[in-house]
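Visitor: Generate coordinates for the sequence data below:
(one chain, ligands or ions: 1)
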Amino acid sequence: MSLIRITKQFTFEMAHVLKGYDGPCRNIHGHSYVLYVTTIGEPVRDRESPKRGMVLDYGDLKNIVKENIVDEFDHALVMSEDHDNKLIDELRDKFERIIIVDYQPTNENLLLDFVQRLKRKLPADIKLHNLKLRETATSYSEWFAEDNMED
Ligand SMILES: [Zn+2]
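Guide: As a prediction, this is how the structure comes out:
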């Protein structure tokens, strides 16, 4: 059995704000995020399959990630529900893409959210291997399935 990891890269622009944080990210600001999604599996051997030789069609992976992450988060402002309701209501009233989450939207927590979203949508036989979310040229966080076997 030969396992292969395949990765697709995505980019999106997103704003966030970290409430209560003791650094500059407590202000609303944006990043050009780069998301790398890696799945692992054996290339299809069936001679009759149109996906012969592929772990997963890159196009299928692209569609799943685009529909469930990129299309929703691109050009959005992500903030936690801890902000006061008046501010949240006002922002929602004036802008279309305000995403309120039940976590502090750090790079790490966003990555965990994306992992859960993909786990729900990927075909059952496709195994997520790792996700990497780059926030700046020098900062990124990573999730590996092997580090989280209890999930
Ligand atoms: Zn930031």
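Visitor: Contacts for stretch 53-68 next, please.
Guide: 4-6, 8, 10, 35, 37, 39-44, 51, 117-118, 121-122, 126 (Cβ atoms under 8 Å, 6 or more residues apart in numbering). No exception for glycine: its C-beta is placed from N, CA and C like everyone else's.
Visitor: Of the residues you listed, keep whichever come out buried.
Guide: 6, 8, 10, 35, 37, 39-41, 44, 117-118, 122, 126 (16 or more other Cβ atoms under 10 Å).
Visitor: Which one of these is nearest to residue 98?
Guide: Distance to residue 98, by Cβ to Cβ, is smallest for residue 117 among these, at 18.1 Å.
Visitor: And the average pLDDT for the helix or strand where that closest one lies is what?
Guide: In this assignment (DSSP states H and E), residue 117 forms part of helix 107-121. Helix 107-121 carries an average pLDDT of 96.
Visitor: Restrict that helix to CA atoms and write it as PDB.
Guide: The C-alpha trace of helix 107-121 is given here as PDB (Å, rounded to 0.1, in the frame of the first residue of the first chain):
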ATOM      1  CA  ASN A 107      -5.200  31.800  13.800                       C
ATOM      2  CA  GLU A 108      -5.200  28.600  15.900                       C
ATOM      3  CA  ASN A 109      -9.000  28.700  16.600                       C
ATOM      4  CA  LEU A 110      -9.900  29.500  13.000                       C
ATOM      5  CA  LEU A 111      -7.800  26.500  11.900                       C
ATOM      6  CA  LEU A 112      -9.800  24.300  14.300                       C
ATOM      7  CA  ASP A 113     -13.000  25.600  13.000                       C
ATOM      8  CA  PHE A 114     -11.900  24.900   9.400                       C
ATOM      9  CA  VAL A 115     -10.900  21.400  10.400                       C
ATOM     10  CA  GLN A 116     -14.400  20.700  11.800                       C
ATOM     11  CA  ARG A 117     -16.100  22.200   8.800                       C
ATOM     12  CA  LEU A 118     -14.100  20.000   6.400                       C
ATOM     13  CA  LYS A 119     -14.500  16.800   8.400                       C
ATOM     14  CA  ARG A 120     -18.200  17.200   8.100                       C
ATOM     15  CA  LYS A 121     -18.100  17.700   4.300                       C
END
